[in-house]
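Enquirer: Need coordinates for the below:
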Amino acid sequence: MLAGIAFYAHLSMGWLLFLVLFPVPDLSMLGYVAGPRAGAAIYNCFHSTLLPFALLAAGALTASSPTIGGAAIWLAHIGFDRLLGYGLKYAAGFSETHLGRIGGTP
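Expert: Purely as a prediction, here's the structure:
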């Protein structure tokens, strides 16, 4: 998380943009409307580091600061989620993650 924030700060792109885009990956939770299996797949797609690192590479290859900034924000979001104990989801339900169960006991 701190690496993503520090990297973004180095780009000097403005903190309002950071605050606006930081929660965007959590929109992937809407995938749970289609059921737990689809929800977990969509959520995990947006909460693994594969896509933001691919975006970072694309930004580096094209020298696109906005693309690099978006990748940094995305990586910071993922790091923040891990810091709070929110991991990648299992199809069994939203509260079952690779870091353990989140939320209260059933």
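Enquirer: thought residue 93 was touching residue 32?
Expert: No - the criterion here is CB atoms under 8 Å, and residue 93 misses it with residue 32 at 9.0 Å. The C-beta positions use only the backbone N, C-alpha and C, and glycine is treated the same way.
Enquirer: how close does residue 87 get to residue 95?
Expert: Residue 87 sits 11 Å away from residue 95, going by CB to CB, to the nearest Å.
Enquirer: What of residue 77?
Expert: The value you get for residue 77 to residue 95, if CB to CB is used, is 20 Å.
Enquirer: what bridges to residue 93?
Expert: residue 90 (DSSP bridges).
Enquirer: Now that we're looking at it, what pLDDT does it have?
Expert: The per-residue pLDDT reported for residue 93 equals 71.
Enquirer: Run a quick neighbour tally on it.
Expert: Other residues near residue 93 come to 15 when the count uses other CB atoms under 10 Å.
Enquirer: right, and the helix or strand after the helix or strand hosting residue 37?
Expert: Using DSSP states H and E, residue 37 maps to helix 36-47. Proceeding N to C from helix 36-47, the next assigned helix or strand is helix 50-62, under DSSP H and E.
Enquirer: now that next one, how far from the chain's geometric center?
Expert: Between the centre of helix 50-62 and the centre of its chain there are 14 Å (CA atoms, centre = their mean, to the nearest Å).
Enquirer: show me the residues around the closest residue to residue 11 other than its chain neighbours that make contact.
Expert: Of all residues not flanking residue 11 in the chain, residue 69 sits nearest, at 5.1 Å (CB to CB, 6 or more residues apart in numbering). Contact partners of residue 69, counting by CB atoms under 8 Å, 6 or more residues apart in numbering, are 8, 11, 13, 17, 59.
Enquirer: Now with 7 Å, please.
Expert: By CB atoms under 7 Å, 6 or more residues apart in numbering, residue 69 lies in contact with 8, 11, 13.
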